[in-house]
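Engineer: Fold the following and give me the result.
(one chain, ligands or ions: 1)
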Amino acid sequence: MAQPSLTLSGESLSYEGEQVLAPVTLSIPPGEHVALVGRSGAGKSSLLKLLYQQAPEHIALCPQSYGLVGNLSVYQNVYMGQLNRHNPLYNLCNLVRPWRRHKAAVQQLCDTLGLDEKINSPVDTLSGGQQQRTAIARALYQQAGIFLGDEPVSAVDPLQAKLLIELIQHQHASSVIALHNRQLALTCFDRIVGLQHGKVVFDLPSSSLTAEQLDQLYVA
Ligand SMILES: Nc1ncnc2c1ncn2[C@@H]1O[C@H](COP(=O)(O)OP(=O)(O)OP(=O)(O)O)[C@@H](O)[C@H]1O
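Structural biologist: Here you go, the predicted structure:
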């Protein structure tokens, strides 16, 4: 399936009549990896929501709250990344007694993400970082062309965060990831979109930005 560009042409977002994101115009073509940076409440999740609405069928979404089912295993949660590819009976069979090809594919992802020993554990029994990696595994299993992540590496150490971002980018034609780690934004992404008080205040190549400029977003 050809990957679309994600394009916003002046869309805004309001809750109960109150605008939380001012009109945004931006385009993210296949091949571009974009970081969203800004203080808590600046509008990063809101912008991701608008982007998701543009092409949900092409997007693997990794939400801030993970959206995992706590009493189901890591395998079952990761399998759910492909739920919409199969009929309900097929899914039920593979959630209860997985076929070898699904089990092997999920096992491989779990090995890559350091979850190999946890594949049969209920998600509720995992650490925060392990739960976060399960949410990433589910998004990777979806095999979509575009990845949207809302602070998907906030609960892992900096080295692991960099490896995860590289893995996500390697497996998706384009990605938009909200994160607070400015160094990661500068080193791993093509473009950085800065948000402040519900507005996009810059949209620039990461090579043209410095850590000090990103720090300005965090000044009250
Ligand atoms: N469901 C909602 N109803 C009303 N207001 C909301 C809702 N979701 C978000 N907001 C408001 O929209 C604004 C932007 O929130 P958003 O979640 O987009 O920020 P953010 O940059 O992602 O923050 P964080 O880094 O804390 O996740 C905030 O003022 C928030 O209170």
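
Engineer: What's opposite Cys62 in the beta bridge?
Structural biologist: Counting by DSSP bridges, Cys62 forms beta bridges with Gly149.

Engineer: For it, give me its contacts.
Structural biologist: Contacts were defined as Cβ atoms under 8 Å, 6 or more residues apart in numbering; by that measure Cys62 touches Ala135, Ile136, Arg138, Ala139, Phe147, Leu148, Gly149, Asp150, Pro152. The way it works is simple: take the backbone N, C-alpha and C, and place the C-beta from them, glycine included.

Engineer: Do I have it right that the first one meets Val153?
Structural biologist: No. Applying Cβ atoms under 8 Å as the test, Ala135 and Val153 come out as separate, 10.5 Å apart.

Engineer: where do the contact lists of the two overlap?
Structural biologist: Common neighbours of Ala135 and Val153, counting by Cβ under 8 Å, 6+ apart, are absent.

Engineer: separation between the residue most central in space within the chain and the ligand?
Structural biologist: Residue closest to the average C-alpha location in the chain (Cα atoms, centre = their mean): Gly149, at 1.8 Å. Look at Gly149 and the ligand: by Cβ to the nearest ligand atom, to the nearest Å, they are 12 Å apart.

Engineer: residues touching that residue, list them.
Structural biologist: Shown in contact with Gly149 (Cβ under 8 Å, 6+ apart): Leu48, Leu61, Cys62, Ile136, Ala139, Ile168, Ser175, Val176, Ile177, Ala178.

Engineer: Residues touching the worst-scoring helix or strand of the chain on mean pLDDT, excluding its own?
Structural biologist: When each helix and strand of the chain is scored by mean pLDDT, DSSP states H and E, helix 88-96 comes last, with a mean of 88. The contact list for helix 88-96, computed with Cβ under 8 Å, 6+ apart, reads Leu72, Gln76, Tyr79, Leu83, His86, Trp99, His102.

Engineer: go on, stretch 207-220?
Structural biologist: 37-39, 42, 182-183, 185-186, 192, 194-196, 201-202.

Engineer: Return the subset of the residues you listed lying in strands.
Structural biologist: Secondary structure from DSSP state E places Val37, Ile192, Gly194, Leu195, Gln196, Val201, Phe202 of the contacts of stretch 207-220 in strands.

Engineer: Mind checking which of these are buried?
Structural biologist: Buried members of the ones in strands among the contacts of stretch 207-220, scored by 16 or more other Cβ atoms under 10 Å, are Val37, Ile192, Gly194, Leu195, Gln196, Phe202.

Engineer: Just name the closest of those to Asp116, please.
Structural biologist: Asp116 lies nearest to Val37 out of those, by Cβ to Cβ, at 32.8 Å.

Engineer: I'd like the average pLDDT over stretch 67-81.
Structural biologist: Computed over stretch 67-81, the mean pLDDT rounds to 94.

Engineer: Could you check how many residues crowd around Ser40?
Structural biologist: If you count neighbours by other Cβ atoms under 10 Å, Ser40 ends up with 8.

Engineer: next one: Cys93
Structural biologist: Using other Cβ under 10 Å, Cys93 is surrounded by 13 other residues.

Engineer: before we move on, what about Leu8?
Structural biologist: Neighbour count for Leu8, taken as other Cβ under 10 Å: 19.

Engineer: That one sits in which helix or strand?
Structural biologist: Here Leu8, judged by DSSP states H and E, is contained in strand 6-15.

Engineer: in that strand, what's buried?
Structural biologist: Neighbour counts over strand 6-15 (16+ other Cβ under 10 Å) mark Leu6, Leu8, Glu11, Leu13 as buried.
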